[in-house]
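A.B. asks: sequence first, predicted model second:
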Amino acid sequence: MIDILKGILIGIGKILPGISGSLIAISLGVYYKSIHIIGNIYKINKNDLIFLSNLLIGICISIVLFSKLIINLLNIYYIQTMLLFLGLITGCINGLLKIIKKDLNFKNIIFLLFPLLIILLINIINIKINISINYFTIFFLGIIESITMILPGVSGTALFMYLNIYQNILGLMSTITLDSIIFITGIIIGFILFSKIISIILLKYKIKLLYVITGLMISTILIILKDTLNCDYDFSSLLIGTILFVIGYFITKKYSEVI
């Protein structure tokens, strides 16, 4: 029962941009155990299978329950909800900066600036990334989701927001359909394929990877903020949204220090 409750908390972190599900898993003491089990899936035993099943049940429960709520908030209170999410994402960067500043050098700065400038350049020259939602892309997005879930501090939902498919993904998560089953299958296969690889990369190239992630997150924040403020809104909505941004920022600023 405890592992199911932990899974529920991880699932909430998964669907909220800026709150990394893997960070919650670390703070709850189940992250490294899960990665180890999935990375050595051929050695799995009964207790490991029960442990993973309980976590998965909890994650699925929270995703189904909260996805519809977020969809409604985006439809009714778009500017306020988006600014709250942006605050959550921005606060999350603090944990990354705290780590990477210890290894600040020219080469690592390049690792940060390269993805940052590439993403911003794509946006400035207005290259549209249009993703056609079909069975193949849903499966591939499930694999991407699994990778972002494995990497501590990475918000897959922030990436989906940048690609303008966040609400599509929420729709997949909020109901049980063939599309949602394909998406979940992609997540499971991605976990099995990449858990071992990413754990090795984190062990050998953690700092360089975190610099790349930081660059991607900064560019994501700037682009989402620009797109959000280009929408129609009144002063009261902007004021409430700004307050929520600050609240979200301080929530994940403190929380992200567990990376």
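C.D. replies: Happy to help now that I have it.

A.B. asks: now do the same for N105: its pLDDT.
C.D. replies: For N105, the pLDDT comes out at 84.

A.B. asks: renumber starting at 629 from here on
C.D. replies: Sure, I'll start numbering at 629, so the last one becomes N733.

A.B. asks: quick check: phi and psi on it?
C.D. replies: Main-chain torsions, N733, degrees, to the nearest 10: phi -150, psi 170.

A.B. asks: please name the residues that touch it.
C.D. replies: With contact taken as C-beta atoms under 8 Å, 6 or more residues apart in numbering, N733 is in contact with no other residue. C-betas here are computed from N, CA, C, even on glycine.

A.B. asks: now I761
C.D. replies: Contacts of I761 by C-beta under 8 Å, 6+ apart are I793, N796.

A.B. asks: could you check how far it is from L702?
C.D. replies: I761 is 17 Å from L702, where distance means C-beta to C-beta, to the nearest Å.

A.B. asks: could you report the neighbour count for K854?
C.D. replies: By the criterion of other C-beta atoms under 10 Å, K854 has 10 neighbours.

A.B. asks: what about the stretch 679-828 of the chain, any weak spots by pLDDT?
C.D. replies: Within the stretch 679-828 of the chain, the stretches with pLDDT under 70 are 723, 750-758, 780-783, 786, 802, 827.

A.B. asks: show me where it has its helices.
C.D. replies: Using DSSP state H, counting those that start in this stretch, the helices of the stretch 679-828 of the chain run over residues 706-728, 734-752, 763-778, 784-790, 794-802, 806-857.

A.B. asks: figure out which of those helices is closest to L633.
C.D. replies: Closest approach to L633 among those (C-beta to C-beta): helix 763-778, 18.4 Å.

A.B. asks: in the closest one, what's buried?
C.D. replies: Applying a neighbour-count criterion of 16 or more other C-beta atoms under 10 Å, the buried positions in helix 763-778 are 765-778.

A.B. asks: now it against helix 794-802, angle please.
C.D. replies: 90 degrees (axes from the mean of the first three to the mean of the last three C-alpha atoms, to 10 degrees).
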